[in-house]
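S.K.: Need the 3D shape of this:
(2 chains)
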Amino acid sequence: KAGVTQTPRYLIKTRGQQVTLSCSPISGHRSVSWYQQTPGQGLQFLFEYFSETQRNKGNFPGRFSGRQFSNSRSEMNVSTLELGDSALYLCASSPQGVGREKLFFGSGTQLSVL
Amino acid sequence: AQSVAQPEDQVNVAEGNPLTVKCTYSVSGNPYLFWYVQYPNRGLQFLLKYITGDNLVKGSYGFEAEFNKSQTSFHLKKPSALVSDSALYFCAVRPSIYNQGGKLIFGQGTELSVKP
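M.R.: Next up, the predicted model:
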């Protein structure tokens, strides 16, 4: 099975722009979670989607949003980018049933905001 | 509030020696505990989990972790370190609230360096 795929791998944007990141989960996984990783704040949970519905949400401003499609692929969007949004954005998928506690992570999208 | 602490930013070990990466947690109810490893420019990889049962949990690549409820700790261990074990290690807890699925609270990470 192919792993979790995140595109693009690298992004450079300027302040005020918006950005969309994409995540394709492992085939059969219906849950997709997003995390932000920075040297200062570490790994922080953004949100989780399951069957096209947001199931959980972290403590991020409304500029951060996401969605999930019927094929379980997910996108996250950040509007009005700020310098502090520079980070590695990680997506993770998980199966249902046995082993559902285990998250499978993609390699991430490195976002740089100039 | 639920939290995870990794008291050491860095752990240095000689190859062949045992290694321990420390983790303490604070949760309400029974914890779901995890260890993940991150290699440079990669996402996180699952190592092991504790949900219930034996306090000693065995995982991938020869790693194991000991759950200690009285000390609220979940230290990661390996009897004999390899240079290839050098990476960033994260302890995590899943909030013990129904339907928290993919939401994990991570520690700050511990950089493990194994020297030949």
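
S.K.: other SSEs contacting the host helix or strand of A:Glu48?
M.R.: If you go by DSSP states H and E, A:Glu48 is part of strand A:42-50. Here strand A:42-50 touches strand A:31-38, strand A:53-57, strand A:64-68, strand A:74-78, strand B:105-106, going by 3 or more CB pairs under 8 Å, 6 or more residues apart in numbering or on different chains; DSSP states H and E. (C-beta placed from N, C-alpha, C; glycine too.)

S.K.: how about these, which one is nearest A:Gly16?
M.R.: strand A:74-78 (11.3 Å; CB to CB).

S.K.: ok, the residue of chain A positioned farthest from its centre - contacts?
M.R.: Centroid-distance maximum for chain A: A:Val98 at 23.3 Å, with CA atoms, centre = their mean. Taking CB atoms under 8 Å, 6 or more residues apart in numbering or on different chains, we find A:Val98 in contact with no residue.

S.K.: What strand or helix carries it?
M.R.: Using DSSP H and E, no helix or strand contains A:Val98.

S.K.: quick one, what contacts residue 114?
M.R.: In the absence of a named chain, this looks at chain A. Per CB under 8 Å, 6+ apart, neighbours of A:Leu114: A:12-15, A:83.

S.K.: my question was about chain B
M.R.: B:13-15, B:19, B:81-86.

S.K.: And it, its phi and psi?
M.R.: Here is the backbone geometry of B:Val114 (degrees, to the nearest 10): phi -110, psi 120.

S.K.: tell me which residues form a beta bridge with it?
M.R.: Beta-bridge partners of B:Val114, counted by DSSP bridges, are B:Val13.

S.K.: Show the pLDDT at it.
M.R.: Looking at B:Val114, its pLDDT stands at 97.

S.K.: before we move on, back to that, I'd like to know which of the contacts of A:Leu114 is nearest to chain B.
M.R.: Closest to chain B out of the contacts of A:Leu114 is A:Ile12 (16.6 Å), distances taken as CB to the nearest CB.

S.K.: Where does that closest one fall, secondary structure wise?
M.R.: Under the criterion of DSSP H and E, A:Ile12 resides in strand A:10-13.

S.K.: Touching that strand from outside, list them.
M.R.: For strand A:10-13, contacts defined as CB under 8 Å, 6+ apart pick out A:19, A:21, A:81, A:109-114.

S.K.: Reformat those residues as JSON lines; add secondary structure.
M.R.: JSON lines is the format used below for the contacts of strand A:10-13 (DSSP: H, G, I helix; E, B strand; the rest coil):
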{"residue": "A:Val19", "secondary structure": "strand"}
{"residue": "A:Leu21", "secondary structure": "strand"}
{"residue": "A:Leu81", "secondary structure": "coil"}
{"residue": "A:Thr109", "secondary structure": "strand"}
{"residue": "A:Gln110", "secondary structure": "strand"}
{"residue": "A:Leu111", "secondary structure": "strand"}
{"residue": "A:Ser112", "secondary structure": "strand"}
{"residue": "A:Val113", "secondary structure": "strand"}
{"residue": "A:Leu114", "secondary structure": "coil"}
